[in-house]
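Undergrad: Please find the sequence and the predicted model below.
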Amino acid sequence: MNRRWLLLLLPVGFLMVALFFYQRLQHDPSARDSALMAREFPAFEATTLRDANRHVDQTLLQGEVTLVNVWGEWCPACKQEMPQLLELADRGIRMVGVNYRDTREKGMSFLNEYGDPFAVNIFDPEGSLGFDLGVYGAPETFLIDDDGIIRYHHKGYISPDDVTERILPEVAKWR
Amino acid sequence: MAIIRTLAVAILLTLTLSAVAGGIEIREFDDPVLAQRYADLTASMRCPLCENQAIGDSDAPISADMRERVYLLLREGRADSEIVDHMVARFGDYILYNPRLERRTYLLWGLPIGLGVVGCLIVMLIVRARRNASAKALNADERARLDALLERRRSP
């Protein structure tokens, strides 16, 4: 009865666990799938950032594949991803902003300074739309298909690589 | 000495004050049951932004928003399960410290029980194998001799 080979299980098991943990180390622990994936964009009623008299609701996001970017003047990563968002708009993708927990004044000065890729900006000073979207830290970006269904969620900063490797393929998929 | 002591008191005071200012708001409830439910709910949900902190302990803005929502829903008279559903619908299962028992969590809940059962089986097999091995280790002659020896010792 020679069962010494059973001892091999120890290093093999150790390696498997180590590999698992190592792989998890590469992940951003705060990034995870949105709970709203494959669900309708939440109903809302708001005014736009530019015009306090213009009322918008969820129908704003129907009829065309749209990228919804949640941003705020107070958010440094939002400033860094603006060039990427401008590029996406240049490629003919419809962009809608959610100005999250901000003031009109600060939001407008942000757009004047960093550029405005957005067709419309939904003004969300209390963060109520952000809450219904499950936003827990700007920037976050959602891809909405032409039926108003959330199809993709990007948590955090969109790098130039993310544009070509993630965002554009997702947009192409749902167009 | 006096200067040092005054300084120490001043530092401690500043620290306490800043802790209070940056800390978590206190909510008043007329009904102690409601207060307890609020405490339990905010302790049972995990802040989506910070790592492993309950929304009741966290000073992240999103935790403050979530506490506010829990408070409002409690005031509206919603049940605990409704409030938890409300949050999970927005922030996902991640916020539950106690994951629900459903298809994708069967492995999570079942694994400890499964491993326990497998462990018991392995121990049983080992014990049985040892018992058989020790029984087989003696042939008929040896067994007879052993019996005789035991017999001799038992009746001196």
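TA: Nice, I can see it.
Undergrad: Return the residues of chain A in contact with chain B.
TA: By Cβ under 8 Å from any Cβ of the partner chain, the residues of chain A that approach chain B are A:1, A:29-30, A:32-36, A:101, A:127, A:131-137. (Each C-beta comes from the backbone N, C-alpha and C, glycine too.)
Undergrad: Sketch out the low-pLDDT regions of the chain for me.
TA: Here I'm looking at chain A. A:1-2 (pLDDT under 70).
Undergrad: please go with chain B instead
TA: Along chain B, the model assigns pLDDT under 70 to residues B:1-4, B:7-22, B:135, B:154-156.
Undergrad: For the residue nearest the centre of chain A, list the residues it contacts.
TA: For chain A, the residue sitting closest to the mean C-alpha position, by Cα atoms, centre = their mean, is residue A:141 at 2.0 Å. Neighbouring residues of residue A:141 by Cβ atoms under 8 Å, 6 or more residues apart in numbering or on different chains: A:67, A:68, A:69, A:70, A:153, A:154, A:158, A:167.
Undergrad: quick one: buried residues of the helix or strand residue A:169 falls within?
TA: Using DSSP states H and E, residue A:169 sits in helix A:168-174. In terms of neighbour count (16 or more other Cβ atoms under 10 Å in any protein chain shown), helix A:168-174 has its buried residues at A:170, A:171.
Undergrad: again with stretch A:11-28
TA: Going through stretch A:11-28 with 16+ other Cβ under 10 Å, nothing comes out buried.
Undergrad: Does anything pack onto whatever helix or strand residue A:21 lives in? Which helices or strands?
TA: Element membership for residue A:21, per DSSP H and E: helix A:9-25. Using 3 or more Cβ pairs under 8 Å, 6 or more residues apart in numbering or on different chains; DSSP states H and E, no helix or strand is in contact with helix A:9-25.
Undergrad: Which elements pack onto the helix holding residue A:169?
TA: Looks like helix A:168-174 contacts strand A:140-144, strand A:150-155 (3+ Cβ pairs under 8 Å, 6+ apart).
Undergrad: Need the winner for burial among the ones you listed.
TA: strand A:140-144 (a mean of 24; mean count of other Cβ atoms under 10 Å in any protein chain shown).
Undergrad: what angle sits between it and strand A:150-155?
TA: 170 degrees (axes from the mean of the first three to the mean of the last three Cα atoms, to 10 degrees).
Undergrad: on that earlier part again, narrow the residues of chain A next to chain B to those that are buried.
TA: A:32, A:34-36, A:101, A:127, A:131-137.
Undergrad: farthest pair in these?
TA: A:32 and A:101 (21.3 Å; Cβ to Cβ).
Undergrad: just to revisit the earlier point, do you know how far the residue nearest to the centre of chain A is from chain B?
TA: 16 Å (Cβ to the nearest Cβ, to the nearest Å).
Undergrad: How about that residue: which residues does it bridge to?
TA: Residue A:141 has the following beta-bridge partners by DSSP bridges: residue A:69, residue A:154.
Undergrad: Would you map the helices across chain B?
TA: B:2-22, B:32-44, B:61-75, B:80-91, B:106-136, B:140-154 (DSSP state H).
Undergrad: Relative to residue A:78, which of the ones you listed is closest?
TA: Taking the helices of chain B one by one with Cβ to Cβ, helix B:61-75 is closest: 14.9 Å.
Undergrad: then that closest one to PDB, C-alphas only?
TA: Provided in PDB are the C-alpha atoms of helix B:61-75 (Å, rounded to 0.1, in the frame of the first residue of the first chain):
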ATOM      1  CA  PRO B  61     -21.200  59.500   0.000                       C
ATOM      2  CA  ILE B  62     -23.000  56.500  -1.600                       C
ATOM      3  CA  SER B  63     -23.400  54.900   1.900                       C
ATOM      4  CA  ALA B  64     -25.000  58.200   3.200                       C
ATOM      5  CA  ASP B  65     -27.400  58.100   0.200                       C
ATOM      6  CA  MET B  66     -28.200  54.500   0.900                       C
ATOM      7  CA  ARG B  67     -28.800  55.100   4.600                       C
ATOM      8  CA  GLU B  68     -31.100  58.000   3.700                       C
ATOM      9  CA  ARG B  69     -33.000  55.700   1.400                       C
ATOM     10  CA  VAL B  70     -33.300  53.100   4.100                       C
ATOM     11  CA  TYR B  71     -34.600  55.700   6.400                       C
ATOM     12  CA  LEU B  72     -37.200  57.100   4.000                       C
ATOM     13  CA  LEU B  73     -38.400  53.600   3.100                       C
ATOM     14  CA  LEU B  74     -38.700  52.700   6.800                       C
ATOM     15  CA  ARG B  75     -40.700  55.900   7.400                       C
END
